[in-house]
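Student: compute the structure for the input listed below.
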Amino acid sequence: MKRSEVNAIIQKAVDFLKDHNFSLPPFAFWSAREWARRRKETQEIKKCMLGWDITDFGLGHFKKIGLVLFTIRNGHMTDPQFKEKPYCEKILIADEDQMTPMHFHWNKMEDIINRAGGELKIQFYNSTRAGQLARDRVVISVDGLCRTIAAGAIITLKPGESVCIPPKLYHKFWAARGKGTVLIGEVSKINDDTTDNRFYEKIGRFPEIEEDVPARYLLFSDIGS
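Tutor: Next up, the predicted model:
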């Protein structure tokens with residue numbers, strides 16, 4: 001992805017969040033100079049990978065397969081300084097028909113919440129021991145109500161609705177066509193995108209950035225250690 005594209009995507013996200021009265025922490029808007037000035041006091045932000053995360057999953061088609069994320073709080077799987085925090089919170093933005101590919105998490109249990117906007121579609125499969133899509137029925141909890149659905153079934157979350165996704169349950173999601181962009185909340189156990197994701201198809205998680213213009217907003221991967 002080009003940095004100019006990332007800048008435009010984040011600015012669009014900032015405007016969308018403002019329209020929905022969702023405020024981010026101040027560090028979401030810091031300049032590179034501010035990050036450098038406050039290097040010693042930002043170790044938790046850096047270590048726990050807080051902040052902006054824009055991905056096209058390495059496929060180069062962000063509008064079709066991509067996601068905007070901002071990690072607000074998170075612990076760390078192994079660092080003793082931060083592993084006492086056992087939870088994570090993110091805000092995500094999905095445009096109409098913009099897909100997050102089929103995947104599961106080895107360890108993370110998460111609640112996916114439609115916070116506002118359009119309708120969120122989510123498809124589910126159990127996983128086999130070999131990591132394939134199982135054909136048996138799937139049991140999920142939607143707003144605390146137990147539901148049993150067919151393999152590959154798609155549920156719809158309207159604003160205010162949520163689903164709990166346990167580890168090793170395959171899922172992919174997108175904002176429904178004609179219903180608008182969706183503001184998605186994620187509340188989960190500690191998140192580690194470097195080790196805990198298992199995508200059904202071999203794809204990347206983090207994009208390569210072509211620096212065609214200066215960064216307006218820094219991604220978590222820009223911040224360094």
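Student: from now on I want contacts and neighbour counts done on CA atoms only, so please keep to that.
Tutor: Will do.
Student: tell me the spacing between the closest residue to residue 96 other than its chain neighbours and residue 168.
Tutor: With Cα to Cα, 6 or more residues apart in numbering as the criterion, residue 96 has its nearest non-adjacent residue at 4.6 Å, and that residue is residue 175. Counting by Cα to Cα, to the nearest Å, the gap from residue 175 to residue 168 is 23 Å.
Student: neighbour count: these two, which is higher?
Tutor: residue 175 (27 against 21; other Cα atoms under 10 Å).
Student: I figured residue 123 was touching residue 172, is that so?
Tutor: Yes. Between residue 123 and residue 172 there is a contact under Cα atoms under 8 Å: 5.5 Å.
Student: ok, back up a step: could you pull up phi and psi at the residue nearest to residue 96?
Tutor: phi -80, psi 130 (degrees, to the nearest 10).
Student: can you give me the helices in the protein?
Tutor: Using DSSP state H, the helices of the chain run over 3-19, 32-37, 43-47, 220-223.
Student: elements contacting the helix or strand of the chain with the lowest mean pLDDT?
Tutor: Least confident helix or strand, the chain: helix 220-223 with a mean of 91, by mean pLDDT, DSSP states H and E. Contact partners of helix 220-223 among helices and strands, from 3 or more Cα pairs under 8 Å, 6 or more residues apart in numbering; DSSP states H and E: strand 51-55.
Student: which residues sit against the strand it packs on?
Tutor: For strand 51-55, contacts defined as Cα atoms under 8 Å, 6 or more residues apart in numbering pick out 6, 27-28, 45, 62, 66-72, 205-207, 218-221.
Student: repeat for stretch 157-167
Tutor: Residues contacting stretch 157-167 (Cα under 8 Å, 6+ apart): 104-122, 140-143.
Student: same check on stretch 209-224?
Tutor: 1-4, 7, 10, 28-32, 35, 46, 49-54.
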